Structures are given as C-alpha cells and as structure tokens.
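Visitor: Quick one, structure for this:
(one chain, ligands or ions: 1)
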Amino acid sequence: MTALIGIGGVEKAFGPVTALAGIELEIRENEFFALLGPSGCGKTTLLRILAGFETPDRGRITLDGKDLIAIPPNRRPINMMFQSYALFPHMTVEGNVAYGLEMEGVRGAELKRRAAEALALVQLEGVAGRKPHLLSGGQRQRVALARALVKRPRLLLLDEPLAALDKKLRDQMRLELKRLQHGTGITFLIVTHDQEEALVMADRIALMDQGRIAQLGSPRALYEEPASRFVADFIGVTNLIEGRVAAQGFAADGLSRLLPAPPGVLAAGTPAALAIRPERIRVRPAAATASGQGLEGRIESIAYLGQDLILHVRVAGLVRPLVARLGTGLESLPDMTEGASVTCDWTAERARLLTN
Ligand code: ATP
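Guide: Below you'll find the model as predicted:
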C-alpha cells in the first residue's frame with residue numbers, strides 16, 4: 001500500500017510543554033487510521049498540524065511524497081470535521097453542505113448534484129431544506145460529515161467525532177463511519193481517547209503517550225501483543241502482576257507459587273509484569289478444584305453487565321485483586337457469590353510478559 005501522508009521527526013512544543021516529541025508515521029492511502037491516547041498525549045496537536053492550523057517546530061510532513069507544511073490549510077486536499085460540528089445556523093442543511101464548494105466557485109446544477117450526493121452518502125436526503133436547529137444531534141453530525149466529504153478530500157480528519165452522541169447513536173455511527181470510509185475510499189484519520197472506538201473502527205492505530213507513539217499496529221496486534229504495560233492497560237483493563245521471570249513460569253512479588261506464563265521468551269530472573277486479560281482468566285469454585293491447581297482467592301465483588309460478569313478476586317499476597325470477565329452466555333456459569341472461595345487460572349500462552 002502506498003503512503004498518503006509521511007510524518008518524519010515531527011516535534012512541537014507550547015512554551016515549556018512538549019506536545020509532540022518526535023513522531024514518525026505513515027498514513028496509507030484508503031485506510032481508517034486512529035490516533036489514540038489519553039488526554040494531553042498530543043493527538044489533537046498532530047491532527048491540527050496535518051490540517052495546517054499549527055506548524056511543527058521540527059520535522060517533515062508530506063502528502064504523496066511532496067512537502068505539505070508550505071501549503072496553506074485551505075489549499076490542502078484535507079478536510080476536518082470538528083467536534084462542535086460548527087454548522088451555520090441560518091443556512092439549510094443543503095446550504096451548509098454546498099458552502100465549501102461554492103467558495104471554490106462551483107455553481108448551478110453541479111453544485112446541487114454534488115451536495116445531494118454528499119447528503120445521500122450520509123442518508124440525509126430527506127432533510128436538505130431544514131435548518132440545523134430542527135435536526136437531532138445525530139443528524140447534525142451527519143450534516144457535518146457530508147460537509148467534510150463534499151469536496152472529496154484525500155484525507156478526512158475527525159476530532160473525537162462521536163464524543164457528543166449518546167451510547168446507542170455512537171455505536172451506530174461507528175459502523176456508519178466505517179461504511180463511509182470503505183464506500184468513498186477516502187483516508188480517514190480519527191482522534192479518540194476511547195480505545196473501544198479505535199479497536200472497532202480502525203485498520204491501524206497509533207497509541208500515543210506523552211508526545212510519542214507507544215505502539216503502532218492493527219487493533220488485534222495492540223490487543224494481543226501489547227509492547228508495554230502502558231499499552232496493555234490502555235487497550236482495555238488488564239491484570240498486571242509485577243515480579244520476575246522464572247524457569248517454569250512467573251514468580252509474582254508476594255507469592256510463593258509460580259504463575260503460568262509463556263515459556264522461553266525471557267531469561268529467568270528478568271524483572272517483568274505478567275499481563276492477563278480479564279476474559280482469559282478462568283474462575284471456578286474452590287470446592288470443584290483439586291488443591292494446587294490455580295490461584296486461590298475470594299470474590300470481593302461481582303458486577304453484572306448483562307453479557308458479562310466482572311469479578312474482583314482477592315488473592316493473598318497480590319497487591320491488586322485479579323479482575324476476571326466471564327461471559328454469561330457461553331456456558332453454564334457456576335453460582336458466583338461475593339465472599340466465595342474460588343480458584344483462578346489461565347493458559348500460559350495467552351498471558352504476556354512485559355518488560356517496558
Ligand atoms: P485532549 O484529548 O485532551 O485534547 P490531546 O491528546 O489531543 O488531548 P493535545 O491537545 O495535542 O493533546 O495537547 C498536548 C499538550 O500540549 C497538552 O499538554 C496541552 O495542554 C498542550 N497544548 C496543546 N495546545 C496548546 C496551545 N495552543 N497552547 C499551549 N499548550 C497547548
């Protein structure tokens with residue numbers, strides 16, 4: 001796949017605050033790319049630099065291999081959809097969508113046709129004559145999207161596009177954005193702090209931490225093969241147990257027995273964290289388990305989430321309770337109650353050892 005955008009050695013500071021500390025990244029043609037990270041990690045700054053609203057202190061940015069930084073924002077084949085939508089209240093939906101094209105001198109039948117096309121893309125044909133205040137939040141967002149798509153940019157920037165929507169609408173719009181990206185072939189770059197959103201929508205994710213890229217890869221790679229404690233934790237709640245690699249397992253701080261860990265990766269004695277996803281922990285009543293099998297503990301709390309039960313299991317010696325997630329639909333669940341004694345275990349291969 002060809003690179004649409006090349007970002008090399010990009011740095012940006014605001015006074016004493018380093019927003020970007022050397023970003024290297026390629027964004028490919030026709031991909032749905034997510035910049036993910038906690039508040040303040042620099043993702044919006046990077047987006048604004050691509051849009052041309054900020055200039056980097058150092059580094060190169062190219063589009064199709066040509067310098068982008070020298071090109072003013074309105075001449076870049078890049079559009080941005082703002083979180084606030086920023087619709088003109090006095091204009092109709094159609095007027096809002098057509099505005100950018102009109103500014104470029106498009107008129108008459110072509111203007112109408114292209115505005116109608118963009119509205120059809122977001123399934124808003126029926127409300128072309130309405131003013132924004134007569135629309136629902138979801139519809140307003142679609143108008144903003146149509147307006148950003150109407151000029152057929154090479155790159156569409158979306159800054160937390162779903163933040164203002166309620167959960168149901170958000171879930172629906174995730175799929176819709178994905179459909180739009182596939183349908184139009186336009187490269188989408190979304191900024192979000194919501195890991196689930198990035199996992200569901202993106203082809204690739206750059207997870208950022210303090211102005212740097214902590215890990216770049218497919219949703220699956222970030223989920224299955226996190227490169228550090230930060231990534232493992234950010235891409236979904238994970239159990240992180242500190243300790244040392246042992247010849248046959250993992251020696252957790254505060255525990256005398258070894259825990260299952262992937263074999264042969266690191267030398268015995270290496271300080272590490274053992275990362276185990278909550279859904280990978282098997283929990284069984286202690287009475288049903290032979291002694292010495294699994295890690296014994298007591299259920300501290302149970303949260304019922306419909307599809308899942310979240311158990312916090314207190315294990316003597318461990319600093320934090322183990323978090324386990326059991327699917328309620330999969331198999332017959334043992335009767336779990338708070339205070340009950342249970343054993344927890346997991347497959348060694350499905351845990352990860354992290355040294356960063
Ligand atoms: P959020 O999700 O909260 O928007 P972010 O990951 O998008 O966070 P940025 O907005 O890029 O982060 O900000 C990165 C850092 O740069 C932060 O510490 C922020 O306070 C700082 N910063 C961003 N813009 C400016 C500015 N115009 N002036 C001063 N500091 C700024």
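Visitor: Kindly provide the distance from A34 to R352.
Guide: 22 Å (Cβ to Cβ, to the nearest Å). Where you see a C-beta, it was placed from the backbone N, CA and C, and this is true even at glycine.
Visitor: how about G126, phi and psi?
Guide: phi -70, psi -10 (degrees, to the nearest 10).
Visitor: Okay, it and A116: tell me how far apart.
Guide: G126 is 12 Å from A116, by Cβ to Cβ.
Visitor: Could you check which of these two has the larger neighbour count?
Guide: Under the criterion of other Cβ atoms under 10 Å, the comparison of G126 against A116 puts A116 first, with 16 against 10.
Visitor: Let me know the helix or strand that the more buried one is in.
Guide: If you go by DSSP states H and E, A116 is part of helix 108-121.
Visitor: Stretch 67-85 and the ligand, are they touching?
Guide: No - applying Cβ under 6 Å from any ligand atom, one finds stretch 67-85 out of contact with the ligand, separated by at least 9.3 Å.
Visitor: For that stretch, give the mean pLDDT please.
Guide: Regarding stretch 67-85, the rounded mean pLDDT is 88.
Visitor: would you put the C-alpha positions of that stretch in CSV?
Guide: Only the C-alpha atoms of stretch 67-85 are listed here, as CSV (Å, rounded to 0.1, in the frame of the first residue of the first chain):
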residue,chain,number,x,y,z
ASP,A,67,6.1,18.8,1.3
LEU,A,68,2.8,19.7,2.9
ILE,A,69,3.8,22.2,5.5
ALA,A,70,4.3,25.0,3.0
ILE,A,71,0.7,24.6,1.7
PRO,A,72,-1.9,26.8,3.4
PRO,A,73,-4.8,25.0,5.1
ASN,A,74,-7.4,25.9,2.5
ARG,A,75,-5.3,24.6,-0.3
ARG,A,76,-4.6,21.2,1.2
PRO,A,77,-6.7,18.3,-0.1
ILE,A,78,-7.6,17.7,3.6
ASN,A,79,-10.8,18.4,5.4
MET,A,80,-11.6,18.3,9.1
MET,A,81,-14.8,17.5,10.9
PHE,A,82,-14.9,19.4,14.2
GLN,A,83,-16.2,18.1,17.4
SER,A,84,-18.6,21.0,17.6
TYR,A,85,-19.8,20.4,14.0
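Visitor: E29 contacts T187, correct?
Guide: Yes - the criterion here is Cβ atoms under 8 Å, and E29 meets it with T187 at 6.2 Å.
Visitor: which neighbours do those two share?
Guide: Common contacts of E29 and T187, defined by Cβ atoms under 8 Å, 6 or more residues apart in numbering, comprise L4.
Visitor: Give the helix, strand or coil label for V143.
Guide: helix (DSSP: H, G, I helix; E, B strand; the rest coil).
Visitor: Next up, the contacts around the nearest residue to it once chain neighbours are set aside.
Guide: In this structure, V143 finds its nearest non-sequential neighbour in V93, 5.3 Å apart by Cβ to Cβ, 6 or more residues apart in numbering. Residues in contact with V93 (Cβ under 8 Å, 6+ apart) are L119, L124, V127, A128, G129, R130, K131, P132, L135, V143.
Visitor: Would you mind measuring from R142 to G183?
Guide: In terms of Cβ to Cβ, R142 sits 14 Å off from G183.
Visitor: ignore the last one, R48
Guide: 27 Å.
Visitor: got the residues of the protein near the ligand?
Guide: F14, V17, A19, G37, S39, G40, C41, G42, K43, T44, T45, H193.
Visitor: And the last one, how close does it get to G185?
Guide: This points to H193. From H193 to G185 the distance is 27 Å (Cβ to Cβ).
Visitor: Comparing the two, which residue is more hemmed in?
Guide: H193 (18 against 10).
Visitor: Give me the phi and psi angles of that one.
Guide: Dihedral angles (degrees, to the nearest 10) for H193: phi -110, psi 0.
Visitor: OK, contacts around I310?
Guide: By Cβ under 8 Å, 6+ apart, the residues touching I310 are P278, I302, A303, V323, A324, R325.
Visitor: burial of the last one, as a residue count?
Guide: Applying the criterion other Cβ under 10 Å, we find 19 residues in the vicinity of R325.
Visitor: and it, that's in a helix?
Guide: No - remark: R325 does not belong to a helix; assigned using three-state DSSP, it is strand.
Visitor: quick one: pLDDT of it?
Guide: pLDDT at R325 comes out at 93.
Visitor: dump the residue contacts of it.
Guide: If you count contacts by Cβ under 8 Å, 6+ apart, then R325 has R277, P278, E279, I281, D308, L309, I310, L311 around it.
Visitor: one more time with 6 Å
Guide: P278, E279, D308, I310 (Cβ atoms under 6 Å, 6 or more residues apart in numbering).
Visitor: And the furthest pair within the residues you listed?
Guide: Spanning the widest gap among the contacts of R325 are E279 and I310, at 10.0 Å by Cβ to Cβ.
Visitor: So, low pLDDT: which residues of this structure?
Guide: Residues of the chain that meet the criterion pLDDT under 70 lie in 1, 83-84, 290-292, 330-334.
Visitor: Domain map for it?
Guide: By the record's domain assignment, the chain is partitioned as 3-229, 237-354 (automatic domain parsing).
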